[in-house]
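Participant: Quick one, structure for this:
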Amino acid sequence: MKKVLITGANKSIGFETARQLLHKGYYVYLGSRDLQNGSDAVEKLKAEGLNNVEAVQIDVSKQQSVDEARNEIGKKTDVLDVLINNAGINGGRPQTALTATIDQFNRVYETNVFGVVRVTQAFIDLLQKAPEPRIVNVSSSQGSLTFASDPTSIYYNYKGAVYQSSKSALNMYTVALAYELRDTPFKVNSVDPGFTKTDFNEHRGTGTVEEAGTRVVKYAVIGDDGPTGKYFSEELNPETGEIPW
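Facilitator: Below is the predicted model:
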């Protein structure tokens, strides 16, 4: 049975991603910053008959928490097949380039960028033992420099200097990571789940968590002939999914 760790999985897109992977026969380590919230999410899944899941406390913004999660999971398995770096924060509004505070940047980058680095580096040894390891970094099309600078883009007028730049940085980390792992079985990609209706955006989104989860899962389960080092948004490119950085 393949095993997956999903950060920020106690609600919204992360929770739905866990549900869909459980249906596909994966064992899910459901990462949650608050263990009680994670345990509550696990009970919801078990009530649906999805039993191969357990909650793991992990606050990606704190190195000690990440290390403790690695130790806990390492006691239960020698192999991790999939890592989904889903945990993220938006940083609140407004986020103008001239008024956003350094504290705002620090808080968002601590989770959206440094958190991904922490978790990836902590779990890379378990992933390297898997025959077909996969890493999915949950990004956003708003991190695309191409779209952000294109007046014809549908989201051109939606600017957030903090959140958007954090996702651009995450994308560059994806590129660098995929490059370093290019001669291995790893597949590493950035995936935009789409503008999804969740509390992350005060339910202003237009997509469903089911759609978003499907998009993330697709790249978590790709085969050996699948892409790596790519950036996908099926919301903006329904044909091939790939979008420009």
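
Participant: Can you tell me the closest non-neighbouring residue to Val217?
Facilitator: Gln20 (4.8 Å; C-beta to C-beta, 6 or more residues apart in numbering). Glycine gets a C-beta too; all of them are placed from N, C-alpha and C.

Participant: Now do the same contact list for the one you found.
Facilitator: 213-214, 217 (C-beta atoms under 8 Å, 6 or more residues apart in numbering).

Participant: likewise Tyr179?
Facilitator: Gly229.

Participant: can you pull the buried residues of the longest helix seen in the chain?
Facilitator: The residue-count maximum for a helix in the chain (DSSP state H) belongs to helix 161-180. Using 16 or more other C-beta atoms under 10 Å as the test for burial, helix 161-180 gives 161-171, 173-174, 177-178.

Participant: check which helix or strand covers the residue nearest to Val217.
Facilitator: Using DSSP states H and E, Gln20 sits within helix 12-23.

Participant: Give me the phi and psi for the residue lying farthest from the centre of the chain.
Facilitator: Using C-alpha atoms, centre = their mean, the residue of the chain lying farthest from its centre is Leu98. It sits 28.6 Å away. The phi/psi pair for Leu98 (degrees, to the nearest 10) reads phi -100, psi -20.

Participant: how much space between it and Val216?
Facilitator: To Val216, Leu98 is 34 Å away according to C-beta to C-beta, to the nearest Å.

Participant: Can you report how many residues lie near Glu110?
Facilitator: 16 (other C-beta atoms under 10 Å).

Participant: Can you give me the pLDDT of the spatially closest residue to it that is not a sequence neighbour?
Facilitator: Closest residue to Glu110 apart from its sequence neighbours, by C-beta to C-beta, 6+ apart: Ser61 at 4.4 Å. For Ser61, the pLDDT comes out at 98.

Participant: And the helices in the chain?
Facilitator: 12-23, 35-47, 63-74, 102-112, 114-127, 145-148, 161-180, 209-220.

Participant: so which of those helices is the most packed in?
Facilitator: helix 12-23 (a mean of 23; mean count of other C-beta atoms under 10 Å).

Participant: avg pLDDT for it?
Facilitator: pLDDT averaged over helix 12-23 gives 97.

Participant: With just CA atoms, put that helix into CSV.
Facilitator: Coordinates of each C-alpha in helix 12-23 appear next as CSV, following Å, rounded to 0.1, in the frame of the first residue of the first chain:
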residue,chain,number,x,y,z
SER,A,12,-10.7,22.2,2.4
ILE,A,13,-8.6,21.1,-0.5
GLY,A,14,-6.1,19.1,1.6
PHE,A,15,-9.0,17.1,3.2
GLU,A,16,-10.6,16.4,-0.2
THR,A,17,-7.2,15.3,-1.6
ALA,A,18,-6.9,12.9,1.3
ARG,A,19,-10.3,11.5,0.7
GLN,A,20,-9.7,10.9,-3.0
LEU,A,21,-6.3,9.2,-2.4
LEU,A,22,-7.9,7.0,0.3
HIS,A,23,-10.4,5.9,-2.4
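
Participant: Next, the angle helix 209-220 makes with that helix.
Facilitator: Helix 12-23 and helix 209-220 meet at an angle of 60 degrees, taking axes from the mean of the first three to the mean of the last three C-alpha atoms, to 10 degrees as the criterion.

Participant: in the chain, what spans have low per-residue confidence?
Facilitator: Counting by pLDDT under 70, the chain contains low-confidence residues at 197-206.

Participant: please redo it, this time with the cut-off set to 80
Facilitator: Segments of the chain classed as low confidence (criterion: pLDDT under 80) are 196-207.

Participant: which residue is nearest the centroid of this structure?
Facilitator: Geometric middle of the chain (C-alpha atoms, centre = their mean) lands on Asn86, at 2.4 Å.
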